[in-house]
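Student: Dropping a prediction and its sequence here:
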Amino acid sequence: MTEVLHADIFFFITGIAVIIFSTLLCIAMFHGIKAVKSLRRILARIEEGTEVIAEDLGQIRAYFSEDGFVRRFVKSMMGMSPEASQKEERSKTKRSEKKRTELEIKG
């Protein structure tokens, strides 16, 4: 009889331990899921920020490239207005487009 009583006590204590362990595991998983969700939001914000920075760096690169800052600086030192350079660029592009169409017609 005492052996049955010892077995019942063992299974009762084991049952309580399993319930407590399961509860603690559920709480830990809940907090872990919350942490992963917030980490995803942070990573999404970082990704958006890097895209904006990449666009800004592209604009800066275009500004300081050969057709950008240096060209504008030289023209301003020579006394040319930016509007004159824009007209000049438009006429160059029109000429190059005209040449392309002539070559396509001939070719």
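Tutor: Nice, thanks for sending it over. The structure presented is a predicted model; accordingly, all values stated were derived computationally and were not measured.

Student: which sections of the protein are below the confidence cut-off?
Tutor: Across the chain, the ranges flagged by pLDDT under 70 are 1, 66-70, 80-92, 99, 102-104, 106-107.

Student: Check which helices and strands the host helix or strand of residue 23 sits against.
Tutor: Element membership for residue 23 (DSSP states H and E) is helix 2-64. Applying 3 or more CB pairs under 8 Å, 6 or more residues apart in numbering; DSSP states H and E, we find helix 2-64 packed against no helix or strand. No exception for glycine: its C-beta is placed from N, CA and C like everyone else's.

Student: Give me the distance between the residue nearest in space to the middle of the chain and residue 62.
Tutor: Residue closest to the mean C-alpha point of the chain, counted by CA atoms, centre = their mean, is residue 47 at 2.4 Å. Plainly put, residue 47 is 23 Å away from residue 62 if you go by CB to CB, to the nearest Å.

Student: got it, and residue 74?
Tutor: On the measure of CB to CB, residue 74 and residue 62 end up 17 Å apart.

Student: again with residue 5
Tutor: Per CB to CB, residue 5 is found 86 Å from residue 62.

Student: Please apply the same query to residue 76.
Tutor: According to CB to CB, residue 76 stands 18 Å off from residue 62.
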